[in-house]
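Participant: the following block contains a protein sequence and its predicted model.
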Amino acid sequence: MCVSPLVPLLASQANSDRAAFIESESLASRVATTARQFAMGANAPRAWLEGAGLLVLCLAVASGIVSAIRRDRGARLTLMLASAGLGLPLLMAILRIDDRFYARNLIAVLPLVAALAAPAMLRLRALPLAVYLALALVISVWVATDWRYEQPDWRAAIWHVESADPQAPVIAVTRAAAPVVRTYLRRGESSPAGLVSKSAWVLVEPTRGAHERALVPAPAPVVPGFSPVREQRLSAFRLILVSASAPTHIASGAIPGSTVFPGTTATAGKVAQPPQR
């Protein structure tokens, strides 16, 4: 029931174009990311917090697997379902049949993993469970109160540029979030031929390096034919207004990883305040 809202997402990613970003990351990295996110969520602020939570959960899952194999017949079905849910996508990715192995696509397996870990968590007067919950609570509160460890806030970034000039095109520089930008802008990308404009907003998505936990600003790109007029930082986003002396052609891909969205019409209404996160 809890994961049923993700069914449309999984269906949409059956399209290879929408899921191309998955294969851009190595399979080994995605397996490690899945284990880490299943244990302590995404972007744990400190390594020791994440490591402690991983240790508790891995020991509990291992104990649950041993118990299911040796004694608990009821848990064997849970183990089989969890193994199939993780193993089949992994095997298909290894054999290059259809690579959709990604933490978000495997979220339906998480309740099964929790069910395997539960008996071990409740042993020793539920001390392992209390430790795990305490670690999870610290991480959850920390992430919720510090934007550096959250996901990039495209909603707020788009609201700022739309409030400043809704008629200017938006150039979103992002590896995989173009569908998110389209949703918040409430309009589609420009045609492959591009468009012509004297100004544009460049939204540069912040990055999080392979060994980094906090979001940091990405380098400012150069837009061919345009010069930067001003730049604003918003939660590590770069919001750059660029202009040209004459109407200049802009097309998606002119900057690596960029997608161009047209501006609104002159009669467009005011942009609503963004909802609170």
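Facilitator: Sure, I can see it.

Participant: was I right about Val56 contacting Leu135?
Facilitator: Yes. In this structure, Val56 sits in contact with Leu135. The criterion is CB atoms under 8 Å, and the distance is 7.3 Å. Quick note: C-beta positions are derived from backbone N, CA and C, even for glycine.

Participant: other residues contacting stretch 221-230?
Facilitator: The list of residues contacting stretch 221-230 from outside it, by CB atoms under 8 Å, 6 or more residues apart in numbering, reads 171, 173, 199-200, 202, 204, 220, 240-244, 248-250, 254-256, 258.

Participant: CA atoms only: put that stretch into CSV for me.
Facilitator: C-alpha atoms of stretch 221-230 as CSV (Å, rounded to 0.1, in the frame of the first residue of the first chain):
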residue,chain,number,x,y,z
PRO,A,221,28.8,27.5,-17.4
VAL,A,222,29.5,29.7,-20.5
VAL,A,223,26.4,30.3,-22.6
PRO,A,224,27.5,30.9,-26.3
GLY,A,225,26.6,34.4,-27.4
PHE,A,226,25.5,35.6,-24.0
SER,A,227,27.2,37.4,-21.1
PRO,A,228,26.3,37.1,-17.4
VAL,A,229,24.5,40.1,-16.0
ARG,A,230,24.0,39.0,-12.4
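
Participant: for it, buried residues please.
Facilitator: By neighbour count, with 16 or more other CB atoms under 10 Å as the criterion, the buried positions of stretch 221-230 are Pro221, Val223, Phe226.

Participant: tell me the phi and psi of the last one?
Facilitator: Dihedral angles of Phe226 (phi, psi; degrees, to the nearest 10) stand at phi -120, psi 160.

Participant: using JSON lines, lay out the buried residues of stretch 221-230 together with distance to Ser63.
Facilitator: Compiled in JSON lines, the buried residues of stretch 221-230 are given as follows (distance: CB to CB, whole Å):
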{"residue": "Pro221", "distance to Ser63": "50"}
{"residue": "Val223", "distance to Ser63": "56"}
{"residue": "Phe226", "distance to Ser63": "59"}
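
Participant: would you map the helices across the stretch 51-200 of the chain?
Facilitator: Using DSSP state H, counting those that start in this stretch, the helices of the stretch 51-200 of the chain run over residues 73-94, 110-121, 123-144, 154-164, 178-185.
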